[in-house]
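Q: Predicted structure and sequence below. I'll ask about it afterward.
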There are 2 protein chains.
Amino acid sequence: MQELKDRIVKEGKVLPGNIIKVDGFLNHRIDTGLMDRIAVEFGKHFNMDDVTMILTAEASGIALAAICAQHFGKSMIFAKKAKSDNIEGGLYQSDIFSYTYKKKVTLLVSKEWLSKDDKVLIIDDFMANGEAIRGLCEIVENAGASLVGIGCAVEKGFQGGGDRLRAAGVNLKSLAIIEKAEPGDIVFRDEED
Amino acid sequence: MQELKDRIVKEGKVLPGNIIKVDGFLNHRIDTGLMDRIAVEFGKHFNMDDVTMILTAEASGIALAAICAQHFGKSMIFAKKAKSDNIEGGLYQSDIFSYTYKKKVTLLVSKEWLSKDDKVLIIDDFMANGEAIRGLCEIVENAGASLVGIGCAVEKGFQGGGDRLRAAGVNLKSLAIIEKAEPGDIVFRDEED
């Protein structure tokens, strides 16, 4: 998606440790118009008529997932990252390693709101090692639901998380795949569409 | 907002400790169509032309705030609840007590993305003691920005957070104010509009 790539080049910052900071429009301050145009792009790649539920993980995926879900008239659900007293009863859970927080995190989704009849599209703002996405896939599997696909806004291609999913046959669409990120030099993977 | 009140009565669960669980449509699984209709209601109460930024706190406020912001063509920003390595530089911060997690939490907003020129509408899904909202107001004040108002979907009126804000002269609109919550008996405050 050219607009997204242009924004990454223009406004993204590369920090030590290959961290690409796009918190001015994607995951802290949110450019909601851009999120809606990202939804349109996902709509070209996934058959939204098939989807019954959009799933993401808190917190930074929620804004994009909510706007995508609203655009296509779907419900969305977000996996929580810590057990609070307000979640009761049965939970689907998956342990992942958060590279952002450098610790194990458990993703939790209430069994009440995700069922084997759901056809799930996972949406996330960012994929690096793919741990959060792996956890979300595990939750879909635990629920006995079908995975329609995974839509990511930005993928750090050089960290391999996305390619592992593609090799496993998952329908993954990332709208900007970054192959190299150095200050002043961000290179994207060529894409067929 | 009658639709919201009806959903609370029909689908809400009252748990011990006066916890009102509405996680089937508001803050875990999200009914995005309802969120958009809530946005329309807020649009009747606040002059959206005045607003430059919608502010909320992670995680459960993000879906509603994002859909409201998208509806009115605004940017939104969410206060983060823990310091991650991906936030650098100056931060506005406010310490609040989280009754959900029973501990002190620090709300953080990057100084880069909120300025004294912003006219801020705070949006949140739920207000009980009003600690999160108080923290968000403090961040708006620290930024030197103007507070246009506060829009809440559900307020637990009997916990007093909302009334303290109204007494302080804040333009607060809650679309469903719960005055009493016992299993099978949820009573709303009468409202003039």
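A: Ah, there it is.
Q: can you give me the strands for chain A?
A: For chain A, the strands defined by DSSP state E occupy A:13-15, A:19-21, A:29-30, A:53-57, A:75-79, A:91-98, A:103-110, A:119-127, A:146-156, A:172-182, A:185-188.
Q: Mind checking the ones you listed for the one nearest to residue A:1?
A: Using C-beta to C-beta as the measure, strand A:172-182 is the one of those that comes nearest residue A:1, at 3.9 Å. For the C-beta atoms, the positions are set from N, CA and C on the backbone; glycine is no exception.
Q: quick one: low-confidence ranges for chain A?
A: Applying pLDDT under 70 to chain A flags the ranges A:83-89, A:192-193.
Q: residue contacts, the nearest residue to residue A:45 once chain neighbours are set aside?
A: For residue A:45, ignoring the flanking residues on the chain, the nearest one in space by C-beta to C-beta, 6 or more residues apart in numbering or on different chains is residue A:173 at 4.4 Å. With contact taken as C-beta atoms under 8 Å, 6 or more residues apart in numbering or on different chains, residue A:173 is in contact with A:42, A:45-46, A:149-152.
Q: now, which of those sits nearest residue B:110?
A: Minimum distance to residue B:110 across the contacts of residue A:173 is 22.9 Å, recorded for residue A:152 (C-beta to C-beta).
Q: give me every residue that touches the closest one.
A: When contacts are counted by C-beta under 8 Å, 6+ apart, residue A:152 is found next to A:123-127, A:133, A:162, A:172-175.
Q: center of chain A, which residue is that?
A: Ranked by distance to the mean C-alpha position of chain A (C-alpha atoms, centre = their mean), the top residue is residue A:124 at 1.4 Å.
Q: Quick check: bridge partners of that one?
A: Here residue A:124 sits in beta bridges with residue A:152, as judged by DSSP bridges.
Q: Tell me the one of the contacts of residue A:152 nearest residue A:24?
A: Comparing these against residue A:24 with C-beta to C-beta places residue A:125 closest, at 12.9 Å.
Q: correct me, but the closest one touches residue A:25?
A: No. Counting by C-beta atoms under 8 Å, residue A:125 sits too far from residue A:25 to count as a contact (10.3 Å).
Q: List the residues that contact residue A:57.
A: A:78-79, A:81, A:107, A:124, A:132, A:135-136.
Q: er, residue A:128 I mean
A: A:99, A:156, A:159, A:161.
Q: which of the residues you listed tops the neighbour count?
A: For these, the largest number of neighbours (other C-beta atoms under 10 Å in any protein chain shown) sits with residue A:156, at 24 neighbours.
Q: can you give me phi and psi for the nearest residue to it once chain neighbours are set aside?
A: Excluding its sequence neighbours, the residue lying closest to residue A:156 (C-beta to C-beta, 6+ apart) is residue A:128, at 4.5 Å. Dihedral pair for residue A:128: phi -120, psi -90, per degrees, to the nearest 10.
Q: And for residue A:142, the neighbour number?
A: 15.
Q: typo on my end, residue A:116
A: Taking other C-beta under 10 Å as the neighbour definition, residue A:116 ends up with a count of 8.
Q: Contacts only, for it.
A: Taking C-beta under 8 Å, 6+ apart as the criterion, residue A:116 is in contact with A:143-145.
Q: With distance to residue A:19 and neighbour count as new columns, can those be given to me in TSV?
A: Conversion of the contacts of residue A:116 to TSV gives the following (distance: C-beta to C-beta, whole Å; neighbours: other C-beta atoms under 10 Å in any protein chain shown):
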residue	distance to residue A:19	neighbour count
A:143	32	20
A:144	36	12
A:145	33	20
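Q: Name the nearest of the contacts of residue A:152 relative to chain B.
A: Within the contacts of residue A:152, the smallest distance to chain B is 9.7 Å, found for residue A:126 (C-beta to the nearest C-beta).
Q: got the contact list for the spatially closest residue to the closest one that is not a sequence neighbour?
A: In space, residue A:126 comes closest to residue A:154 once its chain neighbours are excluded; the distance is 5.2 Å by C-beta to C-beta, 6+ apart. Under the criterion of C-beta under 8 Å, 6+ apart, the contact list for residue A:154 reads A:4, A:8, A:20, A:22, A:26, A:125-127, A:174-176, A:178.
Q: Quickly note the distance from residue A:154 to residue A:175.
A: 7 Å (C-beta to C-beta, to the nearest Å).
Q: Find the residues that touch each one of these two.
A: Residues touching both residue A:154 and residue A:175 by C-beta under 8 Å, 6+ apart: residue A:4.
Q: okay, now the closest residue to residue A:90 other than its chain neighbours: neighbour count?
A: What sits nearest to residue A:90 in space, not counting adjacent residues and going by C-beta to C-beta, 6+ apart, is residue A:111, at 3.8 Å. Using other C-beta under 10 Å, residue A:111 has 12 other residues around it.
Q: does residue A:111 really touch residue A:92, like I thought?
A: Yes. The pair residue A:111 and residue A:92 qualifies as a contact (C-beta under 8 Å) at a distance of 6.0 Å.
Q: quick one: common contacting residues for these two?
A: Looking at what touches both residue A:111 and residue A:92 (by C-beta under 8 Å, 6+ apart), the common residues are residue A:143.
Q: how many other residues sit next to residue A:180?
A: For residue A:180, the count of nearby residues is 14 (other C-beta under 10 Å).
Q: tell me the contacts of it?
A: When contacts are taken as C-beta under 8 Å, 6+ apart, residue A:180 is in contact with A:158, A:186-187.
Q: Correct me if wrong: the residue nearest to the centre of chain A contacts residue A:153.
A: Yes. The pair residue A:124 / residue A:153 is scored as a contact, 7.5 Å apart, by C-beta under 8 Å.
Q: shared neighbours, those two?
A: Counting by C-beta under 8 Å, 6+ apart, the residues touching both residue A:124 and residue A:153 are residue A:64.
Q: for chain A, which helix is longest?
A: Scanning chain A for the longest helix, with DSSP state H as the assignment, gives helix A:32-45.
Q: what angle separates that one from strand A:119-127?
A: Calculated by axes from the mean of the first three to the mean of the last three C-alpha atoms, to 10 degrees, helix A:32-45 forms an angle of 130 degrees with strand A:119-127.
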